[in-house]
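In: Below are the sequence and a predicted model; questions follow.
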Amino acid sequence: MSRHLRTAIENLKTRIINMGGIIEERVFLATLSVIGRDDFKAQAVINGDKDIDQMEVDFEEECLKLLALHQPVSIDLRFIVAALKINNDLERIGDLAVNIAERGAFLATQEKIDIPFELENMVNLAEEMLSGAIDSLVLMNVTHARQIRAMDDKMDAMNREMYGKVKEMILAQPQHINSLLHAMSVGRHLERIADLATNIAEDVIYLVNAEIVRHTPETFED
């Protein structure tokens, strides 16, 4: 690898890790806006969406430039391909954070209700998976990435349970249907964040091991 390509690859690593940290913070603020009925935090996430979009575009342009100028092979090519996918997934998570914040802004204007599913547990799991996926990228740790993949089944189960509980409460308290549907939307977005965190973990496995694990089950034991 040439010195220029090595420097460029290291810069890409730094940028994708920094972007991941910003996305983590946005998801955290968005979920706090729902749990705490905090419109100020919600608006901060919503107003920052354009910054995330620009970061994604700039990163993609840099990756494409490296592919054209250096024609990398082997691990360097795998890194750029994985980084492009991770960049896209992080931007999509940023969009989901905005969606959650919009639900938080709405709920802050409504009469407070008891959310009938384990919202905070879903929040904690989604944030743990996202943080863990980014850590696996920082450390290039396949074992950690496989742990994140294995956690996705738990989120899927919580998401399925959520639908049943919201349906029951809508029948019991139809006057709160709008708030309940917004709360359910938050849960659905959290489940999608977990899916995208899983995608990032899978890209780390591909990057390190050149192994494509999409659409295969993960059974991880401590």
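Out: Now that the structure is in, tell me what you want to look at.

In: hey, let's count contacts and neighbours off CA atoms from now on
Out: Fine.

In: okay, and for this structure, where does confidence drop off?
Out: For the chain, applying pLDDT under 70 flags the ranges 1, 215, 218-222.

In: Run through the helices of it in chain order.
Out: For the chain, the helices defined by DSSP state H cover 3-35, 39-47, 49-70, 74-107, 119-139, 142-172, 177-209.

In: Export the ones you listed as a markdown table, with columns for distance to residue 113 and mean neighbour count.
Out: Below are the helices of the chain laid out as a markdown table (distance: least, Cα to Cα, whole Å; neighbours: other Cα atoms under 10 Å):
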| stretch | distance to residue 113 | mean neighbour count |
| --- | --- | --- |
| helix 3-35 | 11 | 18 |
| helix 39-47 | 16 | 19 |
| helix 49-70 | 28 | 15 |
| helix 74-107 | 9 | 22 |
| helix 119-139 | 13 | 21 |
| helix 142-172 | 11 | 18 |
| helix 177-209 | 8 | 23 |
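
In: Tell me if I'm right that residue 186 and residue 106 touch.
Out: No - Residue 186 lies out of contact with residue 106 (Cα atoms under 8 Å); the separation is 11.5 Å.

In: Check the gap between residue 11 and residue 191 for me.
Out: From residue 11 over to residue 191 the distance is 31 Å, taken as Cα to Cα, to the nearest Å.

In: And residue 160, by the same measure?
Out: Distance check for residue 160 against residue 191: by Cα to Cα, it reads 10 Å.

In: which residues do those two both contact?
Out: Common neighbours of residue 160 and residue 191, counting by Cα atoms under 8 Å, 6 or more residues apart in numbering, are absent.

In: what residues are up against residue 15?
Out: Residue 15 makes contact with residue 59, according to Cα under 8 Å, 6+ apart.

In: now the one 5 residues further on
Out: With contacts taken as Cα under 8 Å, 6+ apart, residue 20 has the following neighbours: 90, 134.

In: how close does it sit to residue 197?
Out: 11 Å.

In: now residue 146
Out: As judged by Cα to Cα, residue 146 and residue 197 stand 11 Å apart.

In: And residue 217, by the same measure?
Out: Residue 217 is 15 Å from residue 197, by Cα to Cα.

In: next one: residue 85
Out: To residue 197, residue 85 is 12 Å away according to Cα to Cα.

In: again, but for residue 52
Out: Distance of residue 52 to residue 197, computed by Cα to Cα: 17 Å.

In: Kindly report the same for residue 123.
Out: 13 Å.

In: swap in residue 149?
Out: Using Cα to Cα, residue 149 is found at 8 Å from residue 197.

In: now residue 11
Out: Residue 11 sits at a distance of 22 Å from residue 197 (criterion: Cα to Cα).

In: Then residue 23?
Out: According to Cα to Cα, residue 23 and residue 197 sit 11 Å apart.

In: just residue 106 next, same as before
Out: Separation of residue 106 from residue 197 (Cα to Cα): 26 Å.

In: do the same with residue 36
Out: From residue 36 over to residue 197 the distance is 24 Å, taken as Cα to Cα.

In: what do you get for residue 104?
Out: The value you get for residue 104 to residue 197, if Cα to Cα is used, is 22 Å.

In: likewise residue 84?
Out: Using Cα to Cα, one gets 15 Å for the distance from residue 84 to residue 197.
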